[in-house]
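J.: Sequence and predicted structure, then a few things I'm wondering about:
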Protein chains: 2
Amino acid sequence: MNYPRSVATLEKAELFGADIDALLPFENLTDAQINDLLGLAKVHRVAPNKTLFDEGDSAENFFLLLDGFLRIVRTTQDGDQVVMLHIAPGQMFGIATAYDSECYTMTARAASDVVALSWPSELWDRFAEDNSAFKSATRRAVGLRMCEMQDKVITMATRKVEQRIAHAILRLMNQAGKDTGQGVEIDFPLTRQDISEMTGTTLHSVSRCLSKWQKDGIVRSERRRVVVCQPEALPA
Amino acid sequence: MNYPRSVATLEKAELFGADIDALLPFENLTDAQINDLLGLAKVHRVAPNKTLFDEGDSAENFFLLLDGFLRIVRTTQDGDQVVMLHIAPGQMFGIATAYDSECYTMTARAASDVVALSWPSELWDRFAEDNSAFKSATRRAVGLRMCEMQDKVITMATRKVEQRIAHAILRLMNQAGKDTGQGVEIDFPLTRQDISEMTGTTLHSVSRCLSKWQKDGIVRSERRRVVVCQPEALPA
DNA sequence: GCCAAAGTTTGATCTAGCGCAAACTCTAGC
DNA sequence: GCTAGAGTTTGCGCTAGATCAAACTTTGGC
């Protein structure tokens, strides 16, 4: 796994150079300010399928994803996993503070090798006061999250399985798509089971859909890999 | 329809006496402060099935529901209505500002006769700065809203129709239940169609469920009315 | 008091997609 | 190189629940 060098070594000035200034929460800050923030941050590296925090854990930190992808998941009483959303690099997560909540309401599990920063929740309000870009960025993050949820509810309420699967794949393609010459690949390992947990169906139905679409040349998929060739042909 | 007298006439001091001090956003304020806030507010009265705002409207105000119940609704491209949540007295709504959004993302439609207050969105940040109770109350409102959405997604993803309907009715019972000697009545008109739009099913399935439950003495329901007699017996 | 509109009930199909089962394929670890 | 485990594919039967259709009931307006 190749991290951007600057992140892997956490050289702060470089880290800034790499990506951070593009990240909404840290717009409009001077290099010195950025370095201050980074000085307060803790770096996390997480291997695939390991969790950063579990639902119910006391929300001691909030996070910014630098590299890799996360699945945000909830588990029902009887053990069903439901994938609520995915987090892409540059997005904040674990932002229970924004909800005035003591605990995380969902589990954050690495979908690939992950690098993230975290800050103690106490700093949330300070960041917001010192930097209005942070404030509006976090608001927007909350709003985006909410929209994503709404969208999920609508899709689940009104679409049938095939469309829900198409929908989920399109969303992943947009969030985590990497262009290969012959289509857009979803840039982390993704099983049929994973997709079924995103769409409230069974891995069998997902498999059948993907097979059909493959036959029609709409996607190509192998073990833990999905490439979308003709997004517009998906029945979304 | 009987409004609390104080609200109907908007006598501010009384309005305070009635309910307002119990409402999270206005905790810990002096009477004078409350009167200031009320002076800035606009009063809305809305008849059943009329909308306060539509999805896509520019979010010029945020609202506090004083009396009655609201349905928050989204409509899909092909005209399906999906009821996302209900608002009970004392709750804020139309809080696009909390999401840094220019527009309302959903439609607010009165489920019964409604009385609400509104303030211009520009005042949001001022309220938050002046009154930390307002700040945390709005955060909690956002969090609650988010949890409700999550819950809805999970229910839709993992439960079958009968359970989803039971779930929806229990939630309404808790939010809008009025105890009659012989069960808890949902305190606004509610059709089978409404329930089906909350649960992503058809009015037919809802009707069949209610009929069955009625036969078992779990609910009593008539035209636009639902009374829950044995909540614990619902298959939730 | 009558009629139209709105809401509800119930029956009779029909099918999407779940559950189950079995075979198959890839991958990693030893 | 072999094996175990993880992931995938496919077939078959079954049922929850959608869809279609029709009758029925309540309500409000004139």
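T.: Yes, it's here. Numbers count the residues shown, from 1 in each chain, chains lettered A, B, ... in the order given.
J.: use CA for all of it now, contacts and neighbours both
T.: Will do.
J.: quick one, what contacts the residue positioned nearest the centre of chain A?
T.: Taking Cα atoms, centre = their mean as the criterion, A:Ile87 is the residue nearest the geometric centre of chain A, at 0.9 Å. With contact taken as Cα atoms under 8 Å, 6 or more residues apart in numbering or on different chains, A:Ile87 is in contact with A:Leu65, A:Phe69, A:Leu70, A:Arg71, A:Ile72, A:Phe93.
J.: 7 Å instead, please
T.: When the contact criterion is Cα atoms under 7 Å, 6 or more residues apart in numbering or on different chains, the partners of A:Ile87 are A:Phe69, A:Leu70, A:Arg71.
J.: what do you get for A:Val161?
T.: By Cα under 7 Å, 6+ apart, A:Val161 lies in contact with A:Thr201.
J.: mind redoing it with 8 Å?
T.: The contact partners of A:Val161, taken as Cα under 8 Å, 6+ apart, are A:Thr199, A:Thr201, A:Ser205.
J.: want to throw those into a markdown table with distance to A:Ala41 and pLDDT?
T.: Supplementary listing: the contacts of A:Val161 in a markdown table, determined by distance: Cα to Cα, whole Å; pLDDT from 0 to 100:
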| residue | distance to A:Ala41 | pLDDT |
| --- | --- | --- |
| A:Thr199 | 35 | 97 |
| A:Thr201 | 39 | 97 |
| A:Ser205 | 43 | 98 |
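J.: quick one: which of those is nearest to B:Pro120?
T.: Here the nearest of the contacts of A:Val161 to B:Pro120, counting by Cα to Cα, is A:Thr199; it sits at 38.6 Å.
J.: Torsion angles phi and psi at that closest one?
T.: The phi and psi values for A:Thr199, taken as degrees, to the nearest 10, are phi -120, psi 0.
J.: how much space between the nearest residue to A:Gly177 once chain neighbours are set aside and A:Asn174?
T.: Using Cα to Cα, 6 or more residues apart in numbering or on different chains and skipping the chain neighbours, the partner closest in space to A:Gly177 is A:Ile186 (4.7 Å). A:Ile186 sits 9 Å away from A:Asn174, taking Cα to Cα, to the nearest Å as the criterion.
J.: And those two? Which one has more around it.
T.: More crowded of A:Ile186 and A:Asn174, by other Cα atoms under 10 Å in any protein chain shown: A:Ile186, with 23 against 11.
J.: tell me what the longest helix seen in chain A is packed against?
T.: Secondary structure of chain A read by DSSP state H shows that its longest helix is helix A:132-158. Identification of packing neighbours for helix A:132-158 by 3 or more Cα pairs under 8 Å, 6 or more residues apart in numbering or on different chains; DSSP states H and E yields helix A:123-130, strand B:81-87, helix B:132-158.
J.: quick one on the thing from earlier: among the contacts of A:Ile87, which one has the most neighbours?
T.: When neighbours are counted by other Cα under 10 Å, A:Leu70 leads these with 28 neighbours.
J.: Once you drop chain neighbours, what's closest to that residue?
T.: Spatial nearest neighbour of A:Leu70, excluding adjacent residues (Cα to Cα, 6+ apart): A:Ala110 at 4.5 Å.
J.: how about A:Pro189, secondary structure?
T.: State at A:Pro189, reduced to three classes by DSSP: H, G, I helix; E, B strand; the rest coil: coil.
J.: So which bits of chain A are right by chain B?
T.: With the criterion set to Cα under 8 Å from any Cα of the partner chain, chain A comes near chain B through A:76, A:80, A:82, A:84, A:98-101, A:105, A:136, A:139-144, A:146-147, A:149-150, A:152-154, A:156-158, A:199-201.
J.: Of these, grab the buried ones for ChimeraX.
T.: Selection of buried members from the residues of chain A next to chain B for ChimeraX, criterion 16 or more other Cα atoms under 10 Å in any protein chain shown:
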select /A:82,84,98,99,100,101,105,136,139,140,141,142,143,146,149,150,152,153,154,156,157,158,199,200,201
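J.: Would it be right to say that A:Ile72 lies in a helix?
T.: No: secondary structure of A:Ile72, determined by three-state DSSP: strand, with no helix assignment.
J.: now the closest residue to it other than its chain neighbours, which residues is it bridged with?
T.: Spatial nearest neighbour of A:Ile72, excluding adjacent residues (Cα to Cα, 6+ apart): A:Ala108 at 4.7 Å. Beta-bridge partners of A:Ala108, counted by DSSP bridges, are A:Phe53, A:Ile72.
J.: Roughly how far does A:Ala108 sit from A:Ala32?
T.: With distances defined as Cα to Cα, the gap from A:Ala108 to A:Ala32 amounts to 31 Å.
J.: what about those two, which has more around it?
T.: Using other Cα under 10 Å, the more surrounded residue of A:Ala108 and A:Ala32 is A:Ala108, with 25 against 11.
J.: Surely that one touches A:Arg74?
T.: No: the pair formed by A:Ala108 and A:Arg74 falls short of the contact definition of Cα atoms under 8 Å, at 9.0 Å.
J.: What are the boundaries of the strands in chain A?
T.: A:42-46, A:51-53, A:61-67, A:70-75, A:81-87, A:92-93, A:107-110, A:114-120, A:177-180, A:183-186, A:219-222, A:225-228 (DSSP state E).
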